[in-house]
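> Task: produce atomic coordinates for the following.
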Amino acid sequence: MFKSGSFEGHNLTFTTREVHGVSFSFKGKLARGDAQKPGEEGYWVIKGTLTETRLDADKKPTARQRAVEFKSFPADAQTLPQGKN
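Residues are numbered from 1 along each chain as shown. Next up, the predicted model:
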């Protein structure tokens with residue numbers, strides 16, 4: 001469940017709602033990956049920083065960040081087999 005988000009130019013940001021004391025935020029960019037053809041895995045990548053925020057027993061937030069990279073799936077992987085949708 002997203003609380004907020006934006007996609008402007010190549011910049012992508014979002015924040016999730018807090019669920020069971022945990023929320024996430026992301027700040028990164030959409031870019032071309034190493035794949036040569038649009039239908040290949042990794043033609044598009046989203047690179048950025050994902051921040052996980054947790055509330056401890058005293059409701060005090062603690063955050064940890066990590067660099068992430070999400071690759072696009074091959075084009076034919078977007079189509080579900082019959083009976084699976």
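> partners of the strand or helix carrying residue 48 in the sheet?
Assigned by DSSP states H and E, residue 48 falls within strand 44-55. Here strand 44-55 is paired, per DSSP bridges, with strand 22-32 (antiparallel), strand 61-71 (antiparallel).
> Now tell me what touches that strand from outside.
For strand 44-55, the external contacting residues (Cβ atoms under 8 Å, 6 or more residues apart in numbering) are 12, 18, 21-33, 61-72. Placement of C-beta: from N, CA and C, glycine included.
> The same query, at a cut-off of 7 Å, please.
Outside strand 44-55, the residues that touch it by Cβ atoms under 7 Å, 6 or more residues apart in numbering are 12, 21-33, 61-72.
> Name all residues that make contact with the residue in the chain sticking out farthest from the centre.
The C-alpha centroid of the chain is most remote from residue 58, which lies 28.8 Å away (Cα atoms, centre = their mean). Shown here is residue 58, which makes no contacts under the criterion Cβ under 7 Å, 6+ apart.
> Now do the SS call for it.
Here residue 58 is coil, with the state taken from DSSP: H, G, I helix; E, B strand; the rest coil.
> neighbours around residue 42, how many?
Using other Cβ atoms under 10 Å, residue 42 is surrounded by 16 other residues.
> can you give me phi and psi for it?
phi 80, psi 10 (degrees, to the nearest 10).
> Quick check: residue 24 touching residue 14?
No. Counting by Cβ atoms under 7 Å, residue 24 stays clear of residue 14, with 8.1 Å between them.
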